[in-house]
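>>> Build me a structure from this.
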Amino acid sequence: MADRTDHGVDPRTHPDLPAWLTERAQSFGHWAEATRTPGTWDFSPQSLDTLEDLIRSRYDSGAESLTARRDAFLQGACWYIGEVVCRARGAVWKFEPFAVKGAELPSLFGEADPSGVIDDPCVGVPGEDTDEAIHPMGAVHGLFSTEDELGNLIEQHLSDVLGDFDEDDEE
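As a prediction, the model looks like this:
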């Protein structure tokens with residue numbers, strides 16, 4: 001397993017992010033062992049397929065994964081997804097929280113269902129806004145989506161996050 005300690009954090013980010021990244025990096029070995037497939041986690045784009053299979057085997061819906069978003073497995077999975085994008089595409093971690101008009105800015109991975117709130121970290125182009133960034137937790141929840149906003153059938157995969165990043169780079 002590759003070790004990376006610089007995290008590539010956007011300097012404009014919320015102060016909770018570096019601590020979360022350090023905690024995830026330090027617990028990665030334990031997380032990998034807990035998946036019962038520790039040799040799989042080499043930060044390659046192909047390893048996202050195995051992670052997707054694990055996520056789909058543990059959760060049946062986006063609502064179920066949302067409820068479990070603070071669990072050690074999903075926290076580690078989100079960190080891993082983001083690290084794959086950072087390493088493959090030169091992205092950096094960001095956390096620029098958003099709250100509905102007048103609400104207090106959220107902390108990282110708040111306690112409640114964050115309706116109208118963005119409280120999870122993302123990865124994106126250094127120096128750019130988070131509007132086009134990739135949210136690993138959103139990618140996890142998206143695995144259970146079967147229709148887009150127009151009602152068209154869709155099938156989403158974790159590896160799609162790498163393609164999304166490529167499209168953003170080309171604009």
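>>> tell me the contacts of V85?
91, 123, 134, 136, 161-162, 165 (CB atoms under 8 Å, 6 or more residues apart in numbering). C-beta coordinates here come from the backbone N, C-alpha and C atoms, glycine included.
>>> all strands in the protein, in order from the N-terminus.
92-94, 122-124 (DSSP state E).
>>> List the contacts of the last one.
Think strand 122-124. So strand 122-124 is contacted by 10, 82, 85-86, 91-95, 130, 132-136, 165, 168 (CB under 8 Å, 6+ apart).
>>> Make a PyMOL selection of whichever of those residues turn out to be buried.
Buried residues within those, by 16 or more other CB atoms under 10 Å, are selected in PyMOL with:
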select buried, resi 10+82+85+86+91+92+93+94+95+130+133+134+135+136+165+168
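>>> Excluding chain neighbours, what is closest to G124?
Spatial nearest neighbour of G124, excluding adjacent residues (CB to CB, 6 or more residues apart in numbering): A133 at 3.2 Å.
>>> Sort the contacts of V85 by pLDDT and name the bottom one.
Ranked by pLDDT, these bottom out at F165 (58).
>>> Where does pLDDT dip in the chain?
1-13, 97-108, 110-118, 164-171 (pLDDT under 70).
>>> about what we covered before: need the contacts of V85 in a markdown table (columns: distance to H14).
Shown next, in a markdown table, are these (distance: CB to CB, whole Å):
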| residue | distance to H14 |
| --- | --- |
| A91 | 17 |
| V123 | 14 |
| I134 | 17 |
| P136 | 16 |
| V161 | 21 |
| L162 | 25 |
| F165 | 21 |
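>>> list the contacts for S44?
Residues near S44 by CB under 8 Å, 6+ apart: V84.
>>> how does it look with 10 Å?
Residues near S44 by CB atoms under 10 Å, 6 or more residues apart in numbering: 2, 50, 84, 87-88.
>>> With E64 instead?
Taking CB under 10 Å, 6+ apart, we find E64 in contact with 58, 141, 144.
>>> Most neighbours among those, which one?
H141 (21 neighbours; other CB atoms under 10 Å).
>>> Nearest spatial neighbour of that one, chain-adjacent residues omitted?
Of all residues not flanking H141 in the chain, G62 sits nearest, at 4.2 Å (CB to CB, 6+ apart).
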